[in-house]
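Colleague: Need the 3D shape of this:
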Amino acid sequence: MIKKIFVDSDIILDVATGRMPFVDQSKTALALIENGYALGVISSNSITNIYYVLRKISTNDKAKSFIKTILKYISVITVDHGSILTALDSKFMDFEDGFQNYCALKNQCDLILTRNIKDYTFSELQVLEPNEFIALYNK
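Modeller: Residues are numbered from 1 along each chain as shown. Alright, predicted model coming up:
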């Protein structure tokens, strides 16, 4: 049942920052990916956004170290011109969410893992919160 999962940066930042009350479910969801139950992917711009947030609340070295750790089990997918243009012309209220959605589609992801399902109302992909994603593997 391995699926290709686009991981929204909010899930990774939950774990990196210990954001309560979300950290436990986000950590469990990422553990499923780390243990090979699903293939996790993220866009390159998410990596830079995660670095920016972590560097602001910690140090450059700690931010880089965390990113190196997640890149051991989450792959970076390509970002292309067409996905950006499609997102700009889409019904998505937030350009970044639209951009993430179209990157996930372009890279043949099966679903998007996020805590902000409402941001992906117009997605053609299945969109799950961590608890729903975890439930897929607890059957």
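
Colleague: so where's this structure uncertain?
Modeller: Along the chain, segments meeting pLDDT under 70 span 1, 139.

Colleague: can you give me the helices for it?
Modeller: Ranges of helices in the chain, per DSSP state H, are 9-17, 23-34, 44-57, 60-70, 81-88, 95-106, 130-137.

Colleague: Please work out how many residues are found near the residue nearest to residue 26 when sequence neighbours are not counted.
Modeller: If the residues on either side of it in the chain are set aside, residue 26 comes closest to residue 14, at 3.7 Å by CB to CB, 6 or more residues apart in numbering. Glycine gets a C-beta too; all of them are placed from N, C-alpha and C. Residue 14 has 22 neighbours, counted by other CB atoms under 10 Å.

Colleague: Determine how far the last residue of stretch 117-128 lies from the first.
Modeller: 7 Å (CA to CA, to the nearest Å).

Colleague: ditto for stretch 120-135
Modeller: Counting by CA to CA, the length from the leading to the trailing residue of stretch 120-135 is 20 Å.

Colleague: Return the set of buried residues in it.
Modeller: Under the neighbour-count criterion of 16 or more other CB atoms under 10 Å, stretch 120-135 has 120, 123, 126, 127, 128, 129, 130, 133, 134 buried.
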